[in-house]
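Student: Mind folding the following:
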Amino acid sequence: MTKLTLAAANTMIEAAFRKGAEAGLKPLTVVVLDAGGHPKALQKQDGSSMMRFEIAAGKAFGALAVGMDSRWLEQTAKDRPHFIEGLNSVSRGRIVPVPGGVLIRDEAGDVLGAVGITGDTSDNDEMCAIAGVETAGFVAGR
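Tutor: The predicted structure follows:
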């Protein structure tokens, strides 16, 4: 199994910021969590508003909690809101069920962690997360 290192996490953040700059996005906050849900790296661009760390971490944590990108959580919140309410209850409110949380997998498909991004639209946040994961040489979730 490949390891999620601090250098790899920082590469993901730098690549996500580059993608955001290329697309002309608002300031982003990026959190990389290891497979246990612990912060590996975090950066918040100048101009990011308050609570961005919590939002980004909640997207990544939610992806890890269910083993799927947070886009799945968004759809499930629409289809089965009681499930998301229960999940948020047992996680003590740590889940943000919107796109922008992407699993980090190695080539064998093992989950190494997750990236959570917030600051622009959820679709744009997710686009930057995928770019970060892939630039660092990993497989972006699902």
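
Student: only C-alpha atoms for contact and neighbour calcs from this point on.
Tutor: OK.

Student: where does the protein have low pLDDT?
Tutor: For the chain, applying pLDDT under 70 flags the ranges 1.

Student: May I see the buried residues of stretch 22-40?
Tutor: 25-35, 37, 39-40 (16 or more other CA atoms under 10 Å).

Student: Name the SS class of residue 112, please.
Tutor: strand (DSSP: H, G, I helix; E, B strand; the rest coil).

Student: Please disregard the earlier target; I meant residue 116.
Tutor: strand.

Student: I figured it hits residue 59, correct?
Tutor: Yes. Using CA atoms under 8 Å, residue 116 is in contact with residue 59, at 5.2 Å.

Student: list the residues that contact both of those two?
Tutor: 100-102 (CA atoms under 8 Å, 6 or more residues apart in numbering).

Student: burial of the residue nearest to residue 34 when sequence neighbours are not counted, as a residue count?
Tutor: Distances taken as CA to CA, 6 or more residues apart in numbering place residue 113 nearest to residue 34, at 4.1 Å, with adjacent residues excluded. Neighbour count for residue 113, taken as other CA atoms under 10 Å: 28.
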